[in-house]
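Asks: Sequence and predicted structure are below.
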Amino acid sequence: MTTMNKGLALKLLEDSNASFEQRLVMLEKPLADLAPGQVRVKMLAAPVNPSDLVYLRGQYGLPPQQGAYAGFEGCGIVVEANAGLYGKWLIGKRVAISAQPGQDGVWAKYATTLANYCLPLRKDIDDIQGSTLIVNPCTVICLLERAQQLGARAIVINAAASQVGKGLIRYAKMHGVKTIATVRSAKNVEALTKLGADYVLLTTDDDFSAQLKQAAEQCRASVLMDAVADQDTANVLKQLPNGSTAIVYGRLQESHDPLGGHFSVGDVIFRDSRIEGFWLARTIRQSSLWKVFLLNRKVQKLFAEGVFHTDIRGEYGFDDFIPALQHYAENKSDGKVVLRPNQ
């Protein structure tokens, strides 16, 4: 077992316009001893998610740490454990993992995380799809469950060409919930229609607001799945019926506004519009191990059945990963870029 690790670490900068190439540095450092409850994973693959980009810009719910490896999720093989019987059982197993909050991330040759942040993978799920198993698919399931709790018969999905957006369209269709997908690019309209969206609307159309209002009335949409924030939250809610709810789970609008979002006070007071947040890390942290186990089993079954599938643009080593990350930041609907740190 090697005693050194290598990965892409965060470099803290005051310049909010700094590029990702300036914010990430290749760093080699000793492997730390495992704390109780932790395992060490030899990484096979790790994707870039929008949450990674927000973290790198210093706008995430966890403060960025100088010199800490970045990356929130991935796939690898457990090679060492200090986590009781479960940890011993995990050794040698291929797992999907989530980074331990406040510790090094997974864009490295080795990652250290909690044993209960490791989900053993089925053999029929490959390394690349397995590396994307936690953040987006679990978010899709939890978001739709929340919409159903709110009594939604139909939902609006902004940034619908994203991986979460596509997953929501497929999963909602399975459960009889209609979907109104909004996108910025005309190239995504046909693909999302074929995927099963009931409406696909272009936000660049002059009469977009009128189209959205009509579609929402026709299918009685009452929940917005909001990955954009900024002005979009208020603008979309204004077209939905009274008492509608926006569930804000992301911030794709790349403004440097420290608040990052806006809402209409009048709509909140007089139309009973509601805004709530969703953060997967908090949801999993507050869930029992049994509930996490059931969620993992459901996600993997849906992957195996093709309901969930992550579009991949390409696989990259350390040398060409940062330019690929920059492309993803500017063209998210092209598919994810995946780091292969040990190839």
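Replies: Thanks, I have the structure now.
Asks: S333 - that's part of a strand, no?
Replies: No: S333 sits outside any strand when classified using DSSP: H, G, I helix; E, B strand; the rest coil, being helix.
Asks: Name the SS class of N242, please.
Replies: With three-state DSSP as the basis, N242 sits in coil.
Asks: Identify the residue nearest it in space, chain neighbours excluded?
Replies: Spatial nearest neighbour of N242, chain neighbours left out: R271 (4.6 Å); criterion: Cβ to Cβ, 6 or more residues apart in numbering. Just so you know, the C-beta spots here come from the backbone N, C-alpha and C atoms, and that holds for glycine as well.
Asks: Now the one you found, what are its backbone angles?
Replies: Phi and psi for R271, reported as degrees, to the nearest 10, are phi -110, psi 0.
Asks: Okay, it and V265: tell me how far apart.
Replies: According to Cβ to Cβ, to the nearest Å, R271 and V265 sit 11 Å apart.
Asks: quick one: which of these two has more around it?
Replies: Taking neighbours as other Cβ atoms under 10 Å, R271 and V265 compare with R271 leading, 16 against 9.
Asks: In this structure the more buried one contacts Q239, no?
Replies: No: under the criterion of Cβ atoms under 8 Å, R271 makes no contact with Q239, lying 11.2 Å away.
Asks: which intervals of the stretch 1-150 of the chain have sub-threshold pLDDT?
Replies: 1 (pLDDT under 70).
Asks: Can you show me the helices along it?
Replies: Counting by DSSP state H, counting those that start in this stretch, one finds helices in the stretch 1-150 of the chain at the ranges 20-23, 50-56, 84-90, 127-131, 135-149.
Asks: which helices and strands does the first one pack with?
Replies: Where contact means 3 or more Cβ pairs under 8 Å, 6 or more residues apart in numbering; DSSP states H and E, helix 20-23 is packed against helix 50-56, helix 318-330.
Asks: Looking at those, which is nearest to V337?
Replies: helix 318-330 (4.1 Å; Cβ to Cβ).
Asks: So which elements touch that closest one?
Replies: strand 4-10, helix 20-23, strand 24-30, strand 312-316, strand 336-339.
Asks: quick one on the thing from earlier: so can I have TSV of the helices of the stretch 1-150 of the chain showing distance to V39 and mean neighbour count?
Replies: Formatted as TSV, those follow (distance: least, Cβ to Cβ, whole Å; neighbours: other Cβ atoms under 10 Å):
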stretch	distance to V39	mean neighbour count
helix 20-23	28	16
helix 50-56	22	22
helix 84-90	5	15
helix 127-131	16	23
helix 135-149	19	20
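Asks: As a markdown table, these with distance to N342 would be great.
Replies: A markdown table is the format used below for the helices of the stretch 1-150 of the chain (distance: least, Cβ to Cβ, whole Å):
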| stretch | distance to N342 |
| --- | --- |
| helix 20-23 | 22 |
| helix 50-56 | 19 |
| helix 84-90 | 18 |
| helix 127-131 | 11 |
| helix 135-149 | 21 |
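Asks: which one of the ones you listed lies closest to T310?
Replies: Nearest to T310, of all these, is helix 127-131, at 5.9 Å by Cβ to Cβ.
Asks: now stretch 229-237: how far from the chain's centre is it?
Replies: Relative to the centre of its chain, stretch 229-237 is centred 20 Å away, using Cα atoms, centre = their mean, to the nearest Å.
Asks: now do stretch 118-137
Replies: The chain centre lies 14 Å from the centre of stretch 118-137; the measure is Cα atoms, centre = their mean.
Asks: now what about that stretch, what contacts it?
Replies: The contact list for stretch 118-137 (Cβ atoms under 8 Å, 6 or more residues apart in numbering) reads 39, 41, 44-47, 49, 51, 72-75, 78, 90, 93-98, 163-164, 167, 280, 296, 299-300, 302-304, 308-310, 312, 315, 336, 338.
Asks: circling back to that earlier point, okay, the helices and strands packed on helix 20-23 in CSV with distance to Q22 next?
Replies: Shown next, in CSV, are the helices and strands packed on helix 20-23 (distance: least, Cβ to Cβ, whole Å):
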stretch, distance to Q22
helix 50-56, 10
helix 318-330, 10
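Asks: Nearest to W290, out of the ones you listed?
Replies: Comparison of those against W290 by Cβ to Cβ identifies helix 50-56 as nearest, at 25.8 Å.
Asks: and that closest one, what does it pack onto?
Replies: Using 3+ Cβ pairs under 8 Å, 6+ apart as the contact test, the elements touching helix 50-56 are helix 20-23.
Asks: Just the C-alpha atoms of the helix it packs on, please, in PDB.
Replies: The C-alpha trace of helix 20-23 is given here as PDB (Å, rounded to 0.1, in the frame of the first residue of the first chain):
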ATOM      1  CA  PHE A  20     -11.000  26.600 -12.900                       C
ATOM      2  CA  GLU A  21      -7.500  26.100 -14.100                       C
ATOM      3  CA  GLN A  22      -6.400  28.800 -11.600                       C
ATOM      4  CA  ARG A  23      -8.500  27.300  -8.800                       C
END
